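Visitor: sequence first, predicted model second:
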Amino acid sequence: MRTLALVTALLAVAGCGRQSGSPANVRLAILPFENLSGDPALDWMENAGPGILATQLTGSPSVIPIRATAVRDAYALKASQVLHAWYRKAPAGAEIHFQIEDLASHRLQDPRVVAVNP
């Protein structure tokens, strides 16, 4: 059940990369998610989250997902945007926070939050 909630939340994040004003073929570098929950039992989400998100975005006509370990890798892989994400515990489960950074302008979109309820 928890995995289903996480996948649902990641699909919501994936939808945010498909904005109507975005240029075609955005190369989106997906960094490891940061565990700000303080719970080492949730460390698995650091790599699983980006993996699930990249898989869900594969085949999108507007977003090309790229797994990257750091922003410098995103530049080397010619990404146009970077997804920064972190997660923490919330009273009813967990929250995934994320921001998309445009690498050309270094501008960050407003942060967004997706609730994950078990």
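Guide: The structure has been received and is ready for your questions.

Visitor: what's the distance between V116 and K89?
Guide: 10 Å (C-beta to C-beta, to the nearest Å). C-beta here means a position set from N, CA and C on the backbone, and glycine is covered the same way.

Visitor: I meant A79, not that one.
Guide: A79 is 30 Å from K89, by C-beta to C-beta.

Visitor: give me the number of residues near the residue lying closest to D102 once chain neighbours are set aside?
Guide: Leaving out its chain neighbours, the residue that sits closest to D102 by C-beta to C-beta, 6 or more residues apart in numbering is Q81, at 5.7 Å. If you count neighbours by other C-beta atoms under 10 Å, Q81 ends up with 21.

Visitor: could you pull up phi and psi at Q81?
Guide: Per-residue torsions, Q81: phi -140, psi 160 (degrees, to the nearest 10).

Visitor: please tell me how far it sits from R112.
Guide: Between Q81 and R112 the computed distance is 14 Å (C-beta to C-beta).

Visitor: what does S60 give?
Guide: Taking C-beta to C-beta, one finds S60 at 18 Å from R112.

Visitor: which residues touch D43?
Guide: N35 (C-beta atoms under 8 Å, 6 or more residues apart in numbering).

Visitor: okay, P40: pLDDT?
Guide: Looking at P40, its pLDDT is 93.

Visitor: next SSE after the worst-scoring helix or strand of the chain on mean pLDDT?
Guide: The helix or strand of the chain with the lowest confidence, counting by mean pLDDT, DSSP states H and E, is helix 2-16 at a mean of 51. Using DSSP states H and E, the next helix or strand after helix 2-16 towards the C-terminus is strand 26-30.
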